[in-house]
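> My questions concern the predicted model and sequence given below.
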Amino acid sequence: MSTMGEDLREQVRNRYAKAALTVAEAGVDADRCGGGCGATVLDDAGAPLGAGRYEPDQTADLPAEAVRASLGCGNPLAVAELREGERVLDLGSGGGIDVLLSAKRVGAIGFAYGLDITDEMLELARRNAAEAGAANVDFIKGHIEDIPLPDAAVDVVISNCVINLSVDKPAVLAQMFRVLTPGGRIGISDVVAEDRLSAADRADRGSYGGCIAGALSRAEYLAGLAQAGFVDAEVTFTHEVAPGMHAPIIRASKPVPVG
């Protein structure tokens, strides 16, 4: 990886470490989570990023710190349509909100993994899982460009506003494909640019660590999914997070070998 790539990765790691520490230290009375992409549960529910993207009844029985640490741009569970007994991997799991929600959806015979690069977020997520009494979860440290799971380990990969932060997105897409079982699927929330916007246009609209400058265009995303081997890919814009930048529903499947 280039020096610039390493610098960007460290900026992202530091940003989310700060977010985790702020949540952990401030508790439920803090005004903001701070340091991440999105708003917190105390912000306007209509905000383009943050915990407001979830319905209140989805998060009502989760630990408050798991909700406060939500820095995403969507609700990947609504995209992935999880079923009982499935194995799920959340890339960039943060404080654990999507892992805990996934664990509830797949039930005791299913399992939910959370992958994160940040020690502080992993500590927060594990504490939230213990508070929630979630036994069918595991939070592991690693890079989304090099997922520390074996081939065909999960049925579904989800992620919430994290892939745009990667400095090697083709590697992320290839790793998602690798860890999925044949017939497995992805349900992703991310930030994606309209095709008319150049890389410079995207950088003008926000920072890399703020989930804007590093976003792919819709055409780039679809091409990347196809290159990785996915089929039936779709990138459907939902709400705008900056001019010409959207938080879409991203779906695709890993084909089942014929014969």
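Ah, there it is.
> the strands in this structure, which residues?
Shown for the chain, the strands assigned by DSSP state E span residues 87-91, 111-116, 137-141, 154-160, 180-189, 192-193, 216-217, 231-242, 245-253.
> residue ranges with poor pLDDT in this protein?
Within the chain, the segments meeting pLDDT under 70 span 1-72.
> can you pull up the bridge partners for E240?
Using DSSP bridges, the bridge partners assigned to E240 are H246.
> Surely it touches H246?
Yes: here E240 reaches H246: they are 5.5 Å apart, a contact under CB atoms under 8 Å. The C-beta positions use only the backbone N, C-alpha and C, and glycine is treated the same way.
> which one of those two has more residues nearby?
Ranked by neighbour count (other CB atoms under 10 Å), E240 and H246 place H246 first, with 21 against 12.
> Distance of the more buried one relative to C161?
For H246, the distance to C161 (CB to CB, to the nearest Å) stands at 12 Å.
> Need the overlap of contacts for those two.
Residues touching both H246 and C161 (CB atoms under 8 Å, 6 or more residues apart in numbering) are V191.
> If you tally nearby residues, what's the number for L225?
Neighbour tally, L225, other CB under 10 Å: 24.
> about what we covered before: in CSV: the strands of the chain, plus distance to G210.
Below are these laid out as CSV (distance: least, CB to CB, whole Å):
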stretch, distance to G210
strand 87-91, 18
strand 111-116, 18
strand 137-141, 24
strand 154-160, 15
strand 180-189, 16
strand 192-193, 14
strand 216-217, 16
strand 231-242, 9
strand 245-253, 11
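> And those: which comes nearest G206?
Proximity to G206 (CB to CB) singles out strand 231-242 among those, at 5.7 Å.
> Buried residues, that closest one. List them.
Within strand 231-242, the residues that count as buried by 16 or more other CB atoms under 10 Å are A233, V235, T238, V241, A242.
> which one of those is nearest R127?
Nearest member of these to R127, counting by CB to CB, is V241, at 29.3 Å.
> Might one say that the closest one is in contact with C161?
No: with contacts counted by CB under 8 Å, V241 stays clear of C161, the gap being 9.0 Å.
> Which residues are in contact with each of the two?
Jointly contacting V241 and C161 under the rule CB under 8 Å, 6+ apart are L49, C73, V191, C211, A247.
> Share the number of residues neighbouring the second one, please.
Translated: C73. Neighbours of C73 (other CB under 10 Å): 28.
> then stretch 86-106 to PDB, C-alphas only?
Extracted as PDB, the C-alpha positions of stretch 86-106 are listed here (Å, rounded to 0.1, in the frame of the first residue of the first chain):
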ATOM      1  CA  GLU A  86     -28.000 -17.400   8.400                       C
ATOM      2  CA  ARG A  87     -24.400 -16.400   9.000                       C
ATOM      3  CA  VAL A  88     -23.800 -12.700   8.600                       C
ATOM      4  CA  LEU A  89     -20.600 -10.600   8.400                       C
ATOM      5  CA  ASP A  90     -20.700  -6.800   9.100                       C
ATOM      6  CA  LEU A  91     -17.800  -4.900   7.600                       C
ATOM      7  CA  GLY A  92     -16.800  -2.000   9.700                       C
ATOM      8  CA  SER A  93     -19.000  -3.000  12.600                       C
ATOM      9  CA  GLY A  94     -18.200   0.000  14.800                       C
ATOM     10  CA  GLY A  95     -20.100   0.000  18.100                       C
ATOM     11  CA  GLY A  96     -22.000  -3.100  17.000                       C
ATOM     12  CA  ILE A  97     -25.500  -1.900  16.200                       C
ATOM     13  CA  ASP A  98     -25.900  -3.800  12.900                       C
ATOM     14  CA  VAL A  99     -24.300  -7.000  14.400                       C
ATOM     15  CA  LEU A 100     -26.700  -7.000  17.300                       C
ATOM     16  CA  LEU A 101     -29.700  -6.400  15.100                       C
ATOM     17  CA  SER A 102     -28.400  -9.100  12.800                       C
ATOM     18  CA  ALA A 103     -28.000 -11.500  15.700                       C
ATOM     19  CA  LYS A 104     -31.600 -11.000  16.700                       C
ATOM     20  CA  ARG A 105     -32.800 -11.500  13.100                       C
ATOM     21  CA  VAL A 106     -30.900 -14.800  12.400                       C
END
